[in-house]
Structure formats: C-alpha cells, structure tokens
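> Make a model of this:
(chains A and B)
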Protein chains: 2
Amino acid sequence: MSDYTIGVDLGGTNLRAAAVARDGTMLAKIAGRAQLTQGRDTVIQDIVGAIRRLMEDMRARNLIGVGIGVPGFILIREGKIIGSNNLPEFEDFPIQAEIERLLGEKVILENDANAAALGEKWIGAGRDVDDLVLMTLGTGIGGGIISGGKVLHGYLGMAGEIGHITVAADGNPCGCGNRGCLEKHASATAIAAMGRLLHLGDGITSEEIYNLAVAGNERARMIFTAVGEYLGIALAGLVNIFNFPLYLLSGGPLPAWDFFAPSMFAEVARRSYTYREARTRIEKATLGNEAGLYGAAYLPFQQAGA
Amino acid sequence: MSDYTIGVDLGGTNLRAAAVARDGTMLAKIAGRAQLTQGRDTVIQDIVGAIRRLMEDMRARNLIGVGIGVPGFILIREGKIIGSNNLPEFEDFPIQAEIERLLGEKVILENDANAAALGEKWIGAGRDVDDLVLMTLGTGIGGGIISGGKVLHGYLGMAGEIGHITVAADGNPCGCGNRGCLEKHASATAIAAMGRLLHLGDGITSEEIYNLAVAGNERARMIFTAVGEYLGIALAGLVNIFNFPLYLLSGGPLPAWDFFAPSMFAEVARRSYTYREARTRIEKATLGNEAGLYGAAYLPFQQAGA
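This next block holds a predicted model:
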C-alpha cells in the first residue's frame, strides 16, 4: 500500500491542503479561503474538515502523517503560535493539540516560510543542495533556513525571521518595534508604500507599480532598484553568515525580477567577499505558492526518516 | 593509555599549541610569537616543531589528532587559506597538506573564530547549550557559529563572517569592499579610529580610550555607546536569524562591557521581537584568548566521535 502525507498551508487569505506521495506527486488538493473573520473555531473546523476529506479520498493508501504550515512566530515544541499579524486569534492558542484532538492523528506544526523553504529543498529549486535560505516577499518578508537538509529552528522554533533584519538603521518603523526592517523596504507592501510616496497613485499596488515599470515609468523602476539594493544588503549578510550554496526568493514581486535583480546582485557583490569568492546562487524559487504545501507534506516523511 | 589531542592557534601575533585531555584539561602548552616576517616556511616549521615537542612530552599517551585554527577565509575540504589580512603569505597555499607532510600526521584545519566558538561550547560559557554564536572583537571582528554542537561551515567553510555584516549601509569603507561592516564600527581598531576622530589623541588605542571612559571622559563613553549600538544591530539580526539561546562576545574590548553593554542590550531589545519574546542570553565568553586553542584541540575528539 503506497504511503502518503497531508500538508496544510494556512495563510492570511487562503487555506489549502493536499495529499502528497513519497515522490512528491500531489495526489489530491483542496483549496479554499481562510475564513478568519468567522473566528478561530471555524478555521480549525475547516482545517480538520479538509484533512478528513483527503483521508477519505486516500483511504486505499497509508497515511504517514500530517504537517501544517502557519504564518507567524511559533513555539515548535508546544505547537503554539505566539505572534502572528495574520492570525491574532491564534496567538497563545494550542493549535496543534486542538487539531490533534479533533482529528485523532498526530500533526506537525511549522512556520509557513520554513515549510516553503523545505518544499523548495524537497522538490523545488533547492533539490540539489542540502543548505539554502528562502526569502518570501509578500505583505511582509518571511524566511526559511534549511541546514543539512532540515529546517533550522533555533531553540524555540523562531529562527529564520529574515524580514526583520535591519537594512537601514534609521529606516521605516516596523510593527515589530524596529526601524529599517527588510520587510519595510522590500516587501510588496513596501513597494506600494514607495509608490504612494513617489505620487504614482494613492491606492497603487505593487503589481500596478510593476506594470508601470514594464511600461517604462522611471519612478516605478527606481522603486525596484531601491528594493534590489535593500534585498542585496540582507542577502550579503546572509551569504557572509551562512556561506550556503543557494539563496531563493519567492512571492508576489518575483515577476519584477528583471527590475530589482541588477541592483540586488551589484549590492551583494559589493558587500560580500564570500559572494565574490565562492560560487553562490541567488535565484527564483520554483514552486510558487505551493512551496509551503509541499513542505508541510514533507514534514511527516522527514520525521519518519523517509 | 589516556587519550589527548593537540590544538594549535596561529594568530597574527602569537603562535600557541597545547596538548589537551578528553576532559578538557590542558596537559602542556607552548606559547610563542608567530614569526610572520620570517616567511611562510619559518612559521610552518614553528608549528610543526611545537606539535612535535608536545608529542614528545606526551609520548606516554595516545594522540587522537591535531587541530589548527588560523585567521582568514578557509576552504575546509582543501585545507587552504584563501584570504587573510594577517597571513597574506598563506593565501592559496595548501597549509594543511604541508603540515601533514612534514608531521606525518593528519591535521584538521579550522578558522580561528570558529575554533574559539567550539572551545567555548566545549568547556567555556557555552557548555550547557548546543547552539551559539561567538563574536570575537579584535583588530577585526570574527565570528563562529555552533549549530547542533558543531561548527556551521557553509559549503566551503567560509560561514560565520559576522564582522562583515552591514550595520550602516553608507558607513565606513572596509577592506572587503563593503561599507559599514560591523568590524569597521565596533572592533578595537574602530574604537581607536573613533578616538582619533573625536580628538582623544593621535595614536590612541582602544585600551587607552577604555581607561579614559573609566576616568569619566564623556567622549570616550560616547564611543562605547556607539559601539554598543552597532553590536546591537548585528546581534538583533543574528537573534532574528538563528533564535539561538546564547550569543557570546570575546576579545580585547571586553573589559569595556559596562560601557557598551547598556546600549547594546537596548538596541537588541528594540530591534528583535524574538529577543523580547524568547529568553536569549548575550554574555561574555569565558575562555579569553585560549578559546581557539581549546576549540582546535576539540576538533579531533569531535571527529573521532568522542
């Protein structure tokens, strides 16, 4: 009987779950909205319901386990989210234990960006390496670090918070209390904010700024040049710290690669001796927004020593 | 017959070697100058000579292996130094193979700051943890990262270059090509440079600036406050990236702890949510300049699975 796992990716907008085979084949997938406005219990019921439907569909196969990726700071041993902009209702709530109770199955909790990094390592752009850093550019900037093939957790599970590296000591204030966090200067939200500052439009989005850049708008292009510089500062630091062979970027602003990559690479080269001396790849991730789903599904295989 | 190893610490100024027992007891030690002006062959002869003398002294015991810590960027698999301000003559030279040839024994090469971090983990301030970062404040700033009890090498052995993290995007130019490297704002060299800028004396040293601070000199104290802020920016980033339980500082400016630590802790607290939420120790290392010697000696024990 062939083995499978279930991966769940709970985001601020979407809730997705998939049954995945040991070779990475997605056997079935359920995608819906994360009904966060309906309250915590509804979201948990939706998660458990999706897992049950997949288990029912896969009843001819052998379930190895369930992995769940969630946004925010998590305590890995306690299975708790302790801080999350997207899921404030889940803060300090034992989400892992509650899902296990309702489901009658063990589940593994993981930060969503860590899960995405693991997904890329398993069957994405990081297949051929054991060590990589993934940076996810979105509303904020998340990060996942894979060291020796496994998620680097730190002692509580809070490692990889790359979005809150300081790239401008007196830069934009961040909700985390810091100034000049990377995510305040290079996320999709930061791109939109720069667009407003440069009078490109009051409610302009990062996607619209990208379209302007494509059309030749100089201000829009300048924004991506600045984004590349800030990404470069953070990446240079990561290259100096880790000397890993691969650093991946993913997320909404990725189509703008050609606009931000030149200044990003220039900055990394200028700021990192290691980058200049040691062949280091900085590339686009390849699994898009399915990376977290694959990574969550890989967690039980990895724990089982697959 | 009781086991021992030999650790060697080659610095820009000193060359030290020690025979160390499995429990960390230093059985014998040789300390001398690193005769770098006499050329590469002399230095290598000195290293091999010191190791031979220790082997002779310890002939009643069983040698497990030899570990050597050297300053600079090293390629761990090739046993080569590829970049070193202190040892330019050793760049691209197969130092490990040459010592092995002369000695007739296998040796393990390691970066000096990595070795110091490992020493602190083995029998120093990091004894009770498996994960730590050590920052060595000296002429430059070195770094060593211990993850899961072992040195984090990266894929070539160049990881841990914490001194070249950017802490001020447009800060002081560094020999590495970057601007605003941590070591250009918080090393002993940087402290002395700030002293000159603030007219504390033309040839003033960091130690003299420390003495002025003790005597109540406001400018001297301001320098250490600034040093603390820069260390805080770098440490906050490391805490956000690693979520390790322990970060250690060592080196010449450590006596000035009371002058730089307040602004350092304030900066880390402000810039790291993880630091505020997760108990994180930032402390003085305890082995002083013997850390690298102990760490080098620990390498063969670790490799042998001790």
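> In contact with A:Gly12, which residues are there?
A:Gly12 makes contact with A:34, A:36, A:71, A:85-87, A:139, according to CB atoms under 8 Å, 6 or more residues apart in numbering or on different chains. All C-beta spots, glycine's among them, are computed from the backbone N, C-alpha and C.
> Just the buried ones from those residues, in PyMOL syntax?
Applied in PyMOL, the following selects the buried portion of the contacts of A:Gly12 according to 16 or more other CB atoms under 10 Å in any protein chain shown:
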select buried, chain A and resi 34+36+71+86+87+139
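> With respect to A:Ser206, which of the contacts of A:Gly12 is nearest?
Minimum distance to A:Ser206 across those is 10.0 Å, recorded for A:Thr139 (CB to CB).
> and that closest one, what does it touch?
So A:Thr139 contacts A:12, A:85-86, A:187-189 (CB under 8 Å, 6+ apart).
> What are the phi and psi values at it?
Main-chain torsions, A:Thr139, degrees, to the nearest 10: phi -50, psi -50.
> do you know how far it is from A:Pro253?
Look at A:Thr139 and A:Pro253: by CB to CB, to the nearest Å, they are 11 Å apart.
> what is in contact with the two at once?
Between them, A:Thr139 and A:Pro253 share the neighbouring residues A:187-188, with contact defined by CB under 8 Å, 6+ apart.
> Stretch A:146-164 near chain B at all?
Yes. Using CB under 8 Å from any CB of the partner chain as the criterion, contacts between stretch A:146-164 and chain B involve A:147-148, A:152-162, A:164.
> Give the rounded mean pLDDT of that stretch.
Within the predicted structure, the mean pLDDT of stretch A:146-164 is 95.
> buried residues in that stretch?
A:146-147, A:151-164.
> Only C-alpha atoms, please: export that stretch in PDB.
C-alpha atoms of stretch A:146-164 as PDB (Å, rounded to 0.1, in the frame of the first residue of the first chain):
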ATOM      1  CA  ILE A 146      17.500  24.800   5.500                       C
ATOM      2  CA  SER A 147      20.700  23.500   7.100                       C
ATOM      3  CA  GLY A 148      21.800  19.900   6.500                       C
ATOM      4  CA  GLY A 149      18.500  19.200   4.800                       C
ATOM      5  CA  LYS A 150      16.400  20.200   7.800                       C
ATOM      6  CA  VAL A 151      14.700  23.400   8.900                       C
ATOM      7  CA  LEU A 152      16.900  25.400  11.200                       C
ATOM      8  CA  HIS A 153      14.600  26.100  14.100                       C
ATOM      9  CA  GLY A 154      16.600  27.700  16.800                       C
ATOM     10  CA  TYR A 155      15.800  26.600  20.200                       C
ATOM     11  CA  LEU A 156      12.100  27.600  20.200                       C
ATOM     12  CA  GLY A 157      11.300  27.500  16.500                       C
ATOM     13  CA  MET A 158      11.500  31.200  15.800                       C
ATOM     14  CA  ALA A 159      14.600  31.200  13.600                       C
ATOM     15  CA  GLY A 160      14.600  32.500  10.000                       C
ATOM     16  CA  GLU A 161      13.000  35.900  10.700                       C
ATOM     17  CA  ILE A 162      14.800  37.400   7.800                       C
ATOM     18  CA  GLY A 163      12.200  40.100   7.200                       C
ATOM     19  CA  HIS A 164      13.200  41.800  10.400                       C
END
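> Over to the most centrally placed residue in chain A. Which of the three states is it?
The C-alpha lying nearest the average C-alpha coordinate of chain A belongs to A:Ala113 (CA atoms, centre = their mean; 2.8 Å). In three-state terms, and counting by DSSP: H, G, I helix; E, B strand; the rest coil, A:Ala113 is helix.
> quick one: contacts for it?
If you count contacts by CB under 8 Å, 6+ apart, A:Ala113 has them with A:134, A:136, A:142-144, A:160, A:292.
> Name the nearest residue to it, ignoring sequence neighbours.
Once its chain neighbours are removed from consideration, A:Ala113 has its nearest residue in A:Gly142; the separation is 3.1 Å (CB to CB, 6 or more residues apart in numbering or on different chains).
> Tell me who's in contact with that neighbour.
Applying CB under 8 Å, 6+ apart, the residues near A:Gly142 are A:71, A:111-113, A:116, A:135-136, A:160-163.
> Which of these sits closest to chain B?
A:Glu161 (4.2 Å; CB to the nearest CB).
> shouldn't that closest one be in contact with B:Thr274?
Yes. The pair A:Glu161 / B:Thr274 is scored as a contact, 6.1 Å apart, by CB atoms under 8 Å.
> Can you get me a residue count around the closest residue to A:Ile233 other than its chain neighbours?
With CB to CB, 6+ apart as the criterion, A:Ile233 has its nearest non-adjacent residue at 4.6 Å, and that residue is A:Val167. If you count neighbours by other CB atoms under 10 Å in any protein chain shown, A:Val167 ends up with 22.
> Going toward the C-terminus from the helix or strand containing A:Asp9, what's the next helix or strand?
Take DSSP states H and E as the rule and A:Asp9 turns out to sit in strand A:3-10. On the C-terminal side of strand A:3-10, the nearest following helix or strand under DSSP H and E is strand A:14-21.
> Which positions in the stretch 1-150 of chain A make contact with chain B?
Within the stretch 1-150 of chain A, the positions adjacent to chain B are A:73, A:82-83, A:129, A:131, A:143, A:145, A:147-148 by CB under 8 Å from any CB.
> Give me the subset of those lying in strands.
Cross-referencing the residues of the stretch 1-150 of chain A next to chain B with the strands (criterion: DSSP state E) gives A:73, A:82-83, A:143, A:145, A:147 as the overlap.
> Same list, those residues, but as CSV with distance to A:Arg270 please.
Below are those laid out as CSV (distance: CB to CB, whole Å):
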residue, distance to A:Arg270
A:Phe73, 32
A:Ile82, 37
A:Gly83, 34
A:Gly143, 22
A:Ile145, 24
A:Ser147, 26
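> Pick the one among these closest to A:Leu249.
Using CB to CB, A:Gly143 is the member of those that lies nearest A:Leu249, at 10.5 Å.
> distance of the closest residue to that closest one other than its chain neighbours from B:Glu110?
Closest residue to A:Gly143 apart from its sequence neighbours, by CB to CB, 6+ apart: A:Ile162 at 3.0 Å. A:Ile162 sits 27 Å away from B:Glu110, taking CB to CB as the criterion.
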